[in-house]
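> Would you be able to build a 3D model of this:
(4 chains)
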Number of protein chains: 2
Amino acid sequence: MLSGTAEYALRAVVCLARRPGGGPVRASDLAGAVDVPRNYLGKILHDLVRAGILKSTRGKHGGFQLAVPAHQLPLIRVVGLFDEIGREQRRCLLGRPECSDGDPCPVHSRWKECADQVQRFFGETTVGDVLDGGRLGSGDPAPGPCD
Amino acid sequence: MLSGTAEYALRAVVCLARRPGGGPVRASDLAGAVDVPRNYLGKILHDLVRAGILKSTRGKHGGFQLAVPAHQLPLIRVVGLFDEIGREQRRCLLGRPECSDGDPCPVHSRWKECADQVQRFFGETTVGDVLDGGRLGSGDPAPGPCD
DNA sequence: CGATATTATCATGAAGTTGTCGTGAATTTA
DNA sequence: TAAATTCACGACAACTTCATGATAATATCG
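Got it, this is the predicted structure:
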């Protein structure tokens, strides 16, 4: 569903969001916490900084922090940097170059329901929602990888 | 969503299903009809044969045919040869090794709805449904790539 | 049988993704 | 200023996916 890179980014951001005001987190620490190769994570974090999702500080006590409140950060903004969530799911399953509501292929409407739900999920769920344990409050959500 | 290979396979199978009793279709013809590289399609068709979805005949007037009635062929059986539809969507978005209904991560239940819908789509839609223009009979379904 | 048509299979290459390494730039501390 | 710490960034290696080409195996037809 998500590429490895996008999943790494999501894990890292969620992990950062779990540290309330605790100052910057070093890439190395983050890499250990989310179990992603140190150097590769560095690149991903850098991408997130350039996108304005994280901010970085260099030198001693430097590291990465969220640049946006977790509740104002939909997952698509993280994941969408690396994967094409909307467009990709919306491509015609049968490869027709044009496939829209007005000019549908035989499976268009049924597939669209799936594509829409996926896009809604990533568009409407925020990193903050993830921290809160999702919307359903299912009693006993297990801790994530960053506790 | 689907890998290129899986999409190619799906297009080819749908295309074959559109030829009612017309005998075998050559890989070259199929490649032209569904716009997939000839040699690469050959491999994919071969995989479909080994999976029992197509049958092939060699020599003059040879080619590929469906080995299964289109209405008894769910899309997952085609696509699942190349992509891991069920397992892949079901992997924890946050990378937790164990993530289930009993031991959910914060987004488990919300994501599960998406994953289930995707899996239902591929599991319940058959190639025959595709030919019939989907289940909704949406008035004026446009022709697929094989008419 | 011999010629031709077609799939089957293997070797190879191109391109994208994932991961590593080394060096430079910025910041802090002494 | 000098040293230490940390991110920034480019080069490159490994692996997977996508694609091509050549050859072998099999079937048909005269």
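> Now for the closest residue in space to A:H46 that isn't next to it in sequence: which residues touch it?
Leaving aside its chain neighbours, A:H46 sits nearest to A:S56 (7.8 Å; criterion: CB to CB, 6 or more residues apart in numbering or on different chains). The C-beta positions use only the backbone N, C-alpha and C, and glycine is treated the same way. For A:S56, the contacting residues are A:P24, A:L45, A:H46, A:V49, A:G62, A:G63, A:F64, A:Q65, by CB atoms under 8 Å, 6 or more residues apart in numbering or on different chains.
> okay, the angle between the top helix by length along chain A and helix B:108-124?
In chain A, with assignment by DSSP state H, the single longest helix is helix A:108-124. Counting by axes from the mean of the first three to the mean of the last three CA atoms, to 10 degrees, helix A:108-124 lies at 160 degrees to helix B:108-124.
> can you pull the buried residues of helix A:108-124?
Buried residues in helix A:108-124, defined by neighbour count with 16 or more other CB atoms under 10 Å in any protein chain shown: A:108-112, A:114-115, A:117-119, A:121-123.
> List of residues touching that helix?
By CB under 8 Å, 6+ apart, the residues outside helix A:108-124 that reach it are A:74-76, A:79-80, A:85-86, A:89-90, A:92-93, A:99-101, B:1, B:110-111, B:113-114, B:117-118, B:121, B:125, B:134-136, B:138, B:141.
> Make sure A:D35 is actually in contact with B:G95.
Yes - with contacts counted by CB atoms under 8 Å, A:D35 reaches B:G95, the gap being 7.2 Å.
> picking that back up, which element is encountered next along the chain beyond the strand or helix carrying the residue nearest to A:H46?
Assigned by DSSP states H and E, A:S56 falls within strand A:54-57. Reading on from strand A:54-57 to the C-terminus, the next helix or strand found by DSSP H and E is strand A:63-66.
> picking up where we left off before, need the CA coordinates for the strand holding A:S56. CSV is fine.
C-alpha atoms of strand A:54-57 as CSV (Å, rounded to 0.1, in the frame of the first residue of the first chain):
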residue,chain,number,x,y,z
LEU,A,54,9.7,19.2,10.4
LYS,A,55,12.2,21.7,11.4
SER,A,56,15.8,20.9,12.1
THR,A,57,18.5,22.4,14.2
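> Name every strand pairing with it and say which way it goes.
Applying DSSP bridges, strand A:54-57 is found paired with strand A:63-66 (antiparallel).
> Any part of the strand it pairs with near DNA strand C?
No - Strand A:63-66 does not reach DNA strand C (CB under 7 Å from any atom of the strand); its nearest approach is 11.2 Å.
> which is the next helix or strand following that strand?
For strand A:63-66, the following helix or strand on the C-terminal side (DSSP H and E) is helix A:75-79.
> With that, I have no additional questions.
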